[in-house]
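> Here you go, sequence then predicted model.
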Amino acid sequence: QVQLAESGGGLVQAGGSLRLSCAASGRTFNSYIMGWFRQAPGKEREFVAAISWSGGTAYADSVKGRFTVSRDNTQNTVYLQMNSLKPEDTAVYYCALDRSAPIATTTKQYDYWGQGTQVTVSS
């Protein structure tokens, strides 16, 4: 079993920045993809960004140029640097692990999920 633990959420003003972290523990795999999703109240969970074991990345159009995903394989940790935050970025952010390639942008492709961390952007 794999456990994922997010941290770094909080309240920030529009235009500000936050950095989310997600640490994986338990069973590990030779290579895996880590993704970030978010879910706002009353909306479906949506893809934000993902990174492969080798560092390939993918982003949702809504966050391109503002968010950066990175990972430290030695620490089994993935990060999401969020800059120029907007009120519409307000959501619970989840990290997820996908054991298979290539990078997927749908929730059903991911095998393990964290509990989520709240990000609130005030206007």
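Perfect, thanks for sending it. Numbering: from 1, shown residues only.
> Give me the below-cutoff pLDDT ranges for the chain.
28-30 (pLDDT under 70).
> could you pull out the strands for it?
2-7, 10-13, 18-26, 33-39, 46-51, 57-59, 67-72, 77-82, 91-98, 112-113, 117-122 (DSSP state E).
> Which among those strands is found nearest to Thr105?
strand 46-51 (4.1 Å; CB to CB). C-beta here means a position set from N, CA and C on the backbone, and glycine is covered the same way.
> For the closest one, list the C-alpha coordinates in CSV.
C-alpha atoms of strand 46-51 as CSV (Å, rounded to 0.1, in the frame of the first residue of the first chain):
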residue,chain,number,x,y,z
GLU,A,46,-9.9,18.3,-12.3
PHE,A,47,-6.4,17.7,-13.5
VAL,A,48,-3.8,20.4,-12.7
ALA,A,49,-0.4,19.0,-13.4
ALA,A,50,1.7,15.8,-13.5
ILE,A,51,5.3,14.7,-13.7
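> Strand partners (parallel or antiparallel) of it?
Strand pairing for strand 46-51, determined by DSSP bridges: strand 33-39 (antiparallel), strand 57-59 (antiparallel).
> Which residues does the first one contact?
Just to be clear, that refers to strand 33-39. Identification of contacts with strand 33-39 by CB atoms under 8 Å, 6 or more residues apart in numbering yields 20, 22, 24, 45-53, 69, 71, 78, 80, 89, 91-98, 100-105, 107, 110, 116, 119.
> Make a PyMOL selection of whichever of these turn out to be buried.
Here is the PyMOL command that selects the buried residues among the contacts of strand 33-39 (16 or more other CB atoms under 10 Å):
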select buried, resi 20+22+24+45+47+48+49+50+51+52+69+71+78+80+89+91+92+93+94+95+96+97+98+103+104+105+107+110+116+119
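> so what's the residue nearest to the spatial centre of the chain closest to, chain neighbours aside?
With distances taken as CA atoms, centre = their mean, Trp36 lies nearest the centre of the chain, 2.2 Å away. Nearest residue to Trp36 in three dimensions, chain neighbours excluded: Val48, at 4.3 Å (CB to CB, 6 or more residues apart in numbering).
> So the one you found versus Leu20, what's the distance?
According to CB to CB, to the nearest Å, Val48 and Leu20 sit 10 Å apart.
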